[in-house]
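[1] next come a sequence and a model predicted from it.
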Amino acid sequence: MKQHRKTRGIQDAVSRIYARYLYLLGFRTSVVTDATGLSESQARNLKKELKDEGIEVKDQPGPGSMADGLVNSRSGYIQASILMNIYRSLNTDAERNLDLESVIEAYSIYLKEIGAIFRGCEDQEIYSEGFERFTIQQAYSLAAALRSNDIDYSASMRECHECKTYFYFTVRQTVVDDCPFCNWRVRGLSSGSAKMTNAFPE
């Protein structure tokens, strides 16, 4: 019994440390509780502890971002496709299981790659939309939709018949469903942007 209490105490400590880590990365309480097994009140108390320590933790009131809302712009559409291609390379079972550590790693790679891809980009349509990088919580939402069994809020990776690249597509999105990579190349050629067309070589 004493050994059991000790083991449980260690597990609780590990869960609390992991919860703090997830909050610092930018995840919502719902993700923290799912990942750690902590109750919502326990998780929120940890969040308060972080704030009391002077650590900035963003509050995220209201419902989380839905995947279909994240891809309803050209910039969101291509970013989601880049990010989820990275995620699927790390989690080959992404359509059936959501792997939080793969989301975290994919997001880290995405931040590095998106900066390189868009640096010097002359695509005014993307920038006129107010281009912003996804947050890690939004990356989680995209991955969750990819694994979702809810037909109204699910997503999939579709293969482009032209360039054979996979792109992210949600059931409820209202943006056009053409391949974002081909679309980007075509508009790059028409505007004479060599930098943009070279970002995704054939």
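    Thanks, I have it.
[2] all helices of this structure, in order?
    For the chain, applying DSSP state H gives helices covering 2-25, 29-36, 40-52, 67-70, 74-90, 100-118, 124-128, 136-147, 180-191, 194-197.
[3] list the contacts of the second one.
    Contacting residues not belonging to helix 29-36 are listed as 15-16, 18-19, 22-23, 27, 38-40, 43-44, 46-47, 64, 100, 137, 140 [Cβ atoms under 8 Å, 6 or more residues apart in numbering]. Every C-beta, even on glycine, is put in place using the N, C-alpha and C of the backbone.
[4] name only those of these that count as buried.
    Among the contacts of helix 29-36, those buried by neighbour count (16 or more other Cβ atoms under 10 Å) are 15-16, 18-19, 22-23, 27, 38, 43, 46-47, 100, 137, 140.
[5] now those residues as a markdown table including distance to A106 and pLDDT?
    As requested, the buried ones among the contacts of helix 29-36 are exported to a markdown table (distance: Cβ to Cβ, whole Å; pLDDT from 0 to 100):
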| residue | distance to A106 | pLDDT |
| --- | --- | --- |
| S15 | 23 | 93 |
| R16 | 25 | 93 |
| Y18 | 18 | 96 |
| A19 | 21 | 95 |
| L22 | 15 | 96 |
| Y23 | 19 | 95 |
| F27 | 14 | 95 |
| L38 | 24 | 94 |
| A43 | 24 | 94 |
| L46 | 25 | 93 |
| K47 | 24 | 92 |
| L100 | 11 | 97 |
| Q137 | 14 | 94 |
| Y140 | 10 | 95 |
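[6] ok, so of the residues you listed, who is nearest G69?
    Set against G69, the nearest of those by Cβ to Cβ is Q137 (13.0 Å).
[7] list the contacts for the closest one?
    26-28, 31, 60, 64-65.
[8] narrow those residues to those that are buried.
    26-28, 31, 65.
[9] show me what contacts the residue sitting nearest the centre point of the chain?
    Nearest residue to the geometric centre of the chain (Cα atoms, centre = their mean): A139, 0.9 Å. Applying Cβ under 8 Å, 6+ apart to A139 gives the contacts 83, 87, 103, 106-107, 110.
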